[in-house]
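**Student:** no FASTA, just this:
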């Protein structure tokens with residue numbers, strides 16, 4: 001209950017504060033390439049329930065048909081404005097909408113597409129017992145995930161066998177040691193990482 005109140009209050013405050021920035025960003029996205037402002041993708045949420053995740057669009061329309069993973073800053077599907085949106089994680093800010101309506105939390109395991117969730121072991125499925133979040137320890141550790149995948153000869157295999165496994169370990173540890181204080185620490189660490 002405390003976590004939900006925390007999420008509701010701060011996501012609402014964040015959305016209110018960021019309205020002018022969102023308007024400018026929306027204009028830049030529309031002027032840069034054809035398509036809408038937001039990109040919606042079905043992700044798996046708490047208890048395995050699907051929901052639409054909102055992101056500011058950083059890729060050309062229908063790019064997900066060419067693959068779910070983004071491989072480095074030179075991925076040809078990424079728009080000019082999208083490069084900076086991704087570099088500074090600005091695309092994730094629209095997920096404050098998901099937090100406000102209750103699909104997500106500010107802090108929690110990053111939500112995956114069902115294709116990858118179906119590869120989880122019984123133990124790993126425990127990450128679905130909490131709401132997914134905008135940020136977590138795994139997001140901080142793999143802040144440059146796109147670049148790592150861009151260096152791999154087989155990005156999807158690298159993601160599934162290495163990165164995803166490490167992320168799940170971190171997320172399971174987060175669930176075991178959860179507290180409001182730990183959430184605040186993760187938010188501060190995330191902001192520091194973005195600024196640096």
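**Tutor:** Great, that's in hand. The shown structure was predicted, so the numbers you read here are calculated from the model rather than taken from an experiment. Numbers count the residues shown, from 1 in each chain.
**Student:** would you map the strands across this protein?
**Tutor:** 38-44, 50-56, 105-107, 133-135 (DSSP state E).
**Student:** count of residues packed around the residue lying closest to residue 60 once chain neighbours are set aside?
**Tutor:** Distances taken as Cβ to Cβ, 6 or more residues apart in numbering place residue 77 nearest to residue 60, at 5.5 Å, with adjacent residues excluded. (Each C-beta comes from the backbone N, C-alpha and C, glycine too.) With neighbours defined by other Cβ atoms under 10 Å, the count for residue 77 comes to 17.
**Student:** equivalent analysis for residue 39, please.
**Tutor:** If we define neighbours as other Cβ under 10 Å, then residue 39 has 20 of them.
**Student:** isn't it up against residue 59?
**Tutor:** Yes - judged on Cβ atoms under 8 Å, residue 39 makes contact with residue 59 at a distance of 7.1 Å.
**Student:** helix or strand with the lowest mean pLDDT in this structure?
**Tutor:** Least confident element among the helices and strands of the chain, by mean pLDDT, DSSP states H and E: helix 145-150 (a mean of 84).
**Student:** just give me how far that helix sits from the chain centre.
**Tutor:** 15 Å (Cα atoms, centre = their mean, to the nearest Å).
**Student:** can you check stretch 173-191 too?
**Tutor:** 16 Å.
**Student:** buried sites along that stretch?
**Tutor:** 174, 183, 186, 187, 190 (16 or more other Cβ atoms under 10 Å).
**Student:** what does that stretch contact?
**Tutor:** 2-3, 6, 106-109, 126-127, 129-130, 135-137, 139-140 (Cβ atoms under 8 Å, 6 or more residues apart in numbering).
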